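> Sequence first, then the predicted structure, then my questions.
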Amino acid sequence: MKQVLLICNKEFKSYFSSPIAYLLMAFFGLIFGYGLYTATYQTMQMSLRSQMMGGAQPINLNNEIISPLLGFASTIALFLVPMITMRLIAEEKKTGTIELLLTSPIKDYQIILGKWMGAMALFLCVLAMSAINIAMLFAWGKPDWQPVLVAYLGLILQGGCLLAIGEFISTMTKNQIIAGGVTFFVCLLLWLLSWSTAFETTATSQVLNYLSIVTHFDNFAKGLLDSKDVIFYVSMIFFGLFLTSRSMESLRWRA
């Protein structure tokens, strides 16, 4: 475990030694902040109209603002994950340091877990930018905190799933742009699967709908914790890391 943590720490620090971490956090913070402003403004406008018509009801911050916002955050992650994972292994292959890693006494699973955990640490830092905005709602309102925690758990699991897939793709090429582009395409495909199968009832469409990351995040966004959704994301994380280990094993034999 010590080797895993060392690699994780090295990978995490490498993000902040370049502008990538700061740009990702700033980009996510600005987009999420704009989304919060828009959602709050529209909700207040609807509340004022209801008061003028004599049918005012208490605003449910969880349903009206927080749930849509965190669903929006899961969509933004599709653009962020490729930029986080594209350099994980591809950069090592480009600079030639992959040979040093593969011939060192460090085991493949330690390299894979360390790099994935380093990417997860950056992803959590990015998510923290949204937590600052959500905290403002708690300062000025009284939303239910439990659905918020469930939604954040969903974001973390979804992010871990996509990061594992991105790490596998990063082992397939030494070109970071290609790794990022393919990762984005795969993430977008997993996101769009639910759209193409939403109104179909065939066995194939149901399987494709189950594989969509959106289908399983919907319950989290509503504050519903379902074991099948947790199992799906955890299984996808293990599957992505397993594919990465097989690809690393292939690299080791070629090295």
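That came through fine.

> Not counting residues beside it along the chain, what's closest to the residue nearest in space to the middle of the chain?
Nearest to the geometric centre of the chain sits G159, at 2.3 Å (Cα atoms, centre = their mean). In this structure, G159 finds its nearest non-sequential neighbour in F123, 4.7 Å apart by Cβ to Cβ, 6 or more residues apart in numbering. Just so you know, the C-beta spots here come from the backbone N, C-alpha and C atoms, and that holds for glycine as well.

> where's the one you found relative to Q110, distance?
The gap separating F123 from Q110 is 20 Å, by Cβ to Cβ, to the nearest Å.

> where does this structure dip in pLDDT?
Low-confidence segments of the chain, defined by pLDDT under 70: 47, 50-61, 141, 195-201, 252, 254-255.

> which stretches of it form helices?
In the chain, the helices defined using DSSP state H lie at 2-16, 20-52, 61, 67-85, 90-95, 97-102, 108-140, 145-170, 176-197, 203-211, 213-221, 227-254.

> Quick one: distance of the fifth one to the chain centre.
Here the centre of helix 90-95 is set off from its chain's centre by 23 Å, with Cα atoms, centre = their mean, to the nearest Å.

> quick one: contacts for the residue lying closest to S194 once chain neighbours are set aside?
Residue nearest to S194 in three dimensions, not counting chain neighbours: S212, with 3.8 Å by Cβ to Cβ, 6+ apart. S212 makes contact with L190, W191, L192, L193, S194, T197, according to Cβ atoms under 8 Å, 6 or more residues apart in numbering.

> Next, format those as a markdown table and append distance to L101 and neighbour count.
As requested, those are exported to a markdown table (distance: Cβ to Cβ, whole Å; neighbours: other Cβ atoms under 10 Å):
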| residue | distance to L101 | neighbour count |
| --- | --- | --- |
| L190 | 29 | 21 |
| W191 | 32 | 20 |
| L192 | 35 | 13 |
| L193 | 34 | 20 |
| S194 | 38 | 19 |
| T197 | 40 | 20 |
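
> Between those, which sits nearest F27?
W191 (18.6 Å; Cβ to Cβ).

> Quick check: the gap between the closest one and I169.
Counting by Cβ to Cβ - W191 and I169 are separated by 16 Å.

> cool, and I84?
Per Cβ to Cβ, I84 is found 12 Å from I169.

> Equivalent analysis for I231, please.
23 Å.

> Pick out whichever of these two has more residues nearby.
A count of neighbours by other Cβ atoms under 10 Å puts I169 above the other of I231 and I169, at 28 against 11.

> From what I see, the more buried one and F185 are in contact.
No: applying Cβ atoms under 8 Å, one finds I169 not in contact with F185, separated by 9.3 Å.

> From I134, how far off is L23?
From L23 to I134 the distance is 22 Å (Cβ to Cβ).

> which of the two has more neighbours?
I134 (22 against 11).

> and the more buried one, how far is that from Q176?
On the measure of Cβ to Cβ, I134 and Q176 end up 32 Å apart.

> likewise M46?
From M46 to Q176 the distance is 45 Å (Cβ to Cβ).
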